[in-house]
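[1] Next come a sequence and a model predicted from it.
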Amino acid sequence: MSATVRNPYQHIVEPLDLNDPKQQFYNLSKLGDPRYARLPFSIRVLLESAVRNCDEFLVKRSDVESILNWKQTQTQTVEVPFRPARVILQDFTGVPAVVDFAAMRDAVMKLGGDPEKINPVCPADLVIDHSIQVDFNRKSDSLHKNQDLEFDRNRERFQFLKWGSKAFKNMRIIPPGSGIVHQVNLEYLARVVFNQDGFFYPDSLVGTDSHTTMIDGLGVLGWGVGGIEAEAVMLGQPISMVLPEVVGYKLSGKPDKFITSTDIVLTITKHLRQVGVVGKFVEFFGPGVAQLSIADRATIANMCPEYGATAAFFPVDDVCIQYLKQTGREAEKQAYITKYLKAVAMFRDYTDVAQDPDFTTVVELDLTTVAPCCSGPKRPQDRIAVSDMKTDFEACLGAKQGFKGFQMAQKSHNTVVPFHFNGNEYSLSHGSIVIAAITSCTNTSNPSVMLGAGLLAKKAIECGLSVKPYIKTSLSPGSGVVTSYLKESGVMDYLCQLGFEVVGYGCMTCIGNSGPLPVPVVDAITKGDLVAAGILSGNRNFEGRVHPNTRANYLASPPLVIAYAIAGTVKIDFENEPIAVNCEGRAIFLRDIWPTREEIQAVERTFVIPSMFKEVYEKIDKVNERWNALDAPSDMLYTWDPKSTYIKSPPFFDGLTKKLQPPKSIHDAYVLLNLGDSVTTDHISPAGNIARNSSAARYLTNRGLSPRDYNSYGSRRGNDAVMARGTFANIRLFNKFINKQAPQTIHLPTGETLDVFDAAERYQQAGIPLMILAGKEYGSGSSRDWAAKGPFLLGIKAVLAESYERIHRSNLVGMGVIPLEYLAGDTADSLGLSGRERYTIIMPEQLTPRMIVDVKLDTGKTFQARMRFDTDVELAYFHHGGILNYMIRKMS
């Protein structure tokens, strides 16, 4: 808030407790505006932030009025500022953010400014959870071996992050081995209500991970943004956002006793994909919400990116307060959270219809209709009832190549490949499970499904069942609390007997850190050209993400992960076929070993207790001895090591001057890639292993590294040279120019087929600008700033697509890349674009949000497209060449 301008809403400030007049809050109920009581609860959070931060500069009274008038403004593309209370990061996206901060300090210094100004002004928590891989599994020492390898591989990155925690104020690092960022946020970091600088106000946040929305399940409004946008928030800039429509999602009924929260969220994901909620808030209400635990709500909120919404909000109610008690939050905090939220009408009773606010539209789900399900084989929104899994996979096998097809010749459908493993003979066929992972924040934060998996494992062992030894099984809990209650309840031993040993605390398989499969398994898959399967309790299963050798990947609840691991194949009808035959020759069906909700809840009530959470989180800063012993500098400016292959000063600010340069038109650009629909950030900026035949591998080899030291793309996000070479390096990238899946393209001037980076390098050496053509949902998937930074470094000046994923479009703007969108009804096909033309885009002198511009081709054809700069602030960033340049000039 400006120190020189009095907040025009100062008159509604009052103490929350008359006995403590220094602890105040902005009492929105005193606005005396009847519109407030009709606002969705999520919009009330935006309103409170605008009122509290109103300074008539960054936040104006007109912005407050726009939010209050949401019922009318929601459909008018009205731009409002929002200042989140805090920022959360994970290490894959956090390292480049800290690299940018370090480089920005250097740039401010060069322009004569004070580098100390480059410093977070709001709390920023960075959780190291993306670095650990499943290199070892099925052994009692797997956890320690994987953690040791994690530290050996990432020591340099960790040292840099530790420097950041010392050099920057307001930045806290949660060490490796602590848990998954979103679960740590839920169980420990979330304030729900801030009590800071003499004021109470709602907790809210943005995070550099698309699944930041998980915290919405606790009544904390949060969503994922690009690393670039998060950096601006950390530097005190509000987010400029279009006031969203709010879809009310009414839940009624009670789920069947055999239904899991995973079944519910996969059902909701498919439903909301069909409804269409991209760019909107979803707010849950109705009596069915009261049937869901906070863990269940968090699971639903976690998969918000998969159904395309910006946020998936569950307002705070009594169940939230009980959760705060269960997770060891102090009684004093529980009291003021309740008192404050009730005072500002943000505390919810889901059974009271009088509290239901106005929504843009309402959709409904009766929880009694939810059936057990999975999603796949290539997208999280492609829900399949468990009863249909076998027939669905068999249909996908021969179907045309696509989201639901592998286009395998009919004669190969019954291929069986025998192989030897550990002295015994086994066989693989299409649909054979080779990876089974209980992983990801989506499910490992939820005691009901984790204990459900444990109870199923117990019953399976008691029935004499086992998992074939070649299947790569793993358990990566979201926090130490999970391990504690699995051990205390007595189910951990049974999980271990089935091969589900704890392998680490982090995202692991869900982000592609699956580690290697056994060589005989890989050889068998390759020999038979098999569509092998992975089954995981994650939230993402895009092609090429989980493992290069698993073409079919299914999302499922932790109990179903174990069930399919025992079966060894997805080609099974659990209703009519036994899951296995035990050593006594007895056929065991899944229904024989599946635990009921009542069984699970009884164990949860006994073993998931507050002392567990307190014990784990009281020692969170001390538990990793190697982190504690790690030496790191504390200088204000970072000393870059030119020999480093992990941390490198980026070229984004090279040649930056104080004087603003006018935006340049794009003349005679070539198309680097001609892409289709649903190109994800995994396709654009891979996070998995670095292939030995890739441009990035050649760069690292030339720096003296052997393949065993390449590590992953995610771990090298602090090095722009690696990341630029990794851009569009996904083996599953389908480029229309070459009409197949490969990380390659055609260098149009010569007709040569080259790796994408090598082609881009040639264009840049010739001074030729580049573009990308794409279809619908360009940039969907995880929020990755390198999915925008990488194309920028390749020389891409614009992307022309049918539609964009919200965060990725914002990231393109943040890097100064123009997001162009076809006008309604236009596509590359309808306009007759082959991608081999040369494109010219003339930039008008006066730019306005969502402006339509002419695109001229060297063929003489001209058509129009919309520039997706949606707000005046985004235009300001573009004029500066990107958001970071804007901030540097502002700080200088």
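    Looks like it arrived, so ask away. Residues are numbered from 1 along each chain as shown.

[2] So for the chain, the centremost residue is which one?
    residue 210 (3.0 Å; CA atoms, centre = their mean).

[3] just for this structure, where's the confidence low?
    1-4, 687, 782-783 (pLDDT under 70).

[4] let's see it at 80
    1-5, 440-442, 511-512, 623, 686-688, 781-784, 806-807 (pLDDT under 80).

[5] Select the longest helix from it.
    For the chain, the helix with the greatest residue count under DSSP state H is helix 142-167.

[6] Grab the nearest non-local neighbour of residue 191.
    residue 203 (4.2 Å; CB to CB, 6 or more residues apart in numbering). Where you see a C-beta, it was placed from the backbone N, CA and C, and this is true even at glycine.

[7] Next, count neighbours for that neighbour.
    Using other CB atoms under 10 Å, residue 203 is surrounded by 22 other residues.

[8] so it touches residue 192, yeah?
    Yes - assessed by CB atoms under 8 Å, residue 203 is found in contact with residue 192 at 5.2 Å.

[9] follow-up on the earlier one: same question for the longest helix of the chain: list its buried residues.
    Within helix 142-167, the residues that count as buried by 16 or more other CB atoms under 10 Å are 142-143, 146-147, 149-151, 153-154, 157-165, 167.

[10] Repeat that for stretch 647-665.
    Those buried within stretch 647-665 under the rule 16+ other CB under 10 Å are 647-650, 652-653, 656, 663.

[11] of all those, which comes closest to residue 95?
    Closest approach to residue 95 among the buried residues of stretch 647-665 (CB to CB): residue 647, at 7.7 Å.

[12] pull the longest strand from the chain.
    Longest among the strand segments of the chain by residue count, using DSSP state E, is strand 666-674.

[13] tell me which residues of that one are tucked away?
    Quick answer for strand 666-674 (16+ other CB under 10 Å): 666, 669-674.

[14] Quick check: neighbours of it in the sheet, parallel or antiparallel?
    strand 770-773 (parallel), strand 839-841 (antiparallel) (DSSP bridges).

[15] Show me what the helix or strand following it is packed against.
    Using DSSP states H and E, the next helix or strand after strand 666-674 towards the C-terminus is helix 681-684. Packing partners of helix 681-684 (3 or more CB pairs under 8 Å, 6 or more residues apart in numbering; DSSP states H and E): helix 786-793.

[16] could you give the angle of the helix or strand that the helix it packs on is followed by to strand 666-674?
    Reading on from helix 786-793 to the C-terminus, the next helix or strand found by DSSP H and E is strand 796-801. Angle of strand 796-801 versus strand 666-674, following axes from the mean of the first three to the mean of the last three CA atoms, to 10 degrees, is 60 degrees.

[17] got the CA coordinates for stretch 309-316 in PDB?
    Extracted in PDB, the C-alpha atoms of stretch 309-316 (Å, rounded to 0.1, in the frame of the first residue of the first chain):
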ATOM      1  CA  ALA A 309     -10.400 -23.800 -14.400                       C
ATOM      2  CA  THR A 310      -8.300 -21.100 -12.800                       C
ATOM      3  CA  ALA A 311      -9.400 -22.000  -9.300                       C
ATOM      4  CA  ALA A 312     -11.500 -24.700  -7.600                       C
ATOM      5  CA  PHE A 313     -12.700 -23.100  -4.400                       C
ATOM      6  CA  PHE A 314     -14.200 -24.700  -1.200                       C
ATOM      7  CA  PRO A 315     -15.000 -21.900   1.300                       C
ATOM      8  CA  VAL A 316     -14.000 -22.400   4.900                       C
END
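
[18] Could you number the chain from 646 rather than 1 from now on?
    Sounds good: first residue 646 from here, last item stretch 954-961.

[19] re earlier: anything in contact with each of residue 848 and residue 837?
    Both residue 848 and residue 837 are in contact with residue 865, where contact means CB atoms under 8 Å, 6 or more residues apart in numbering.
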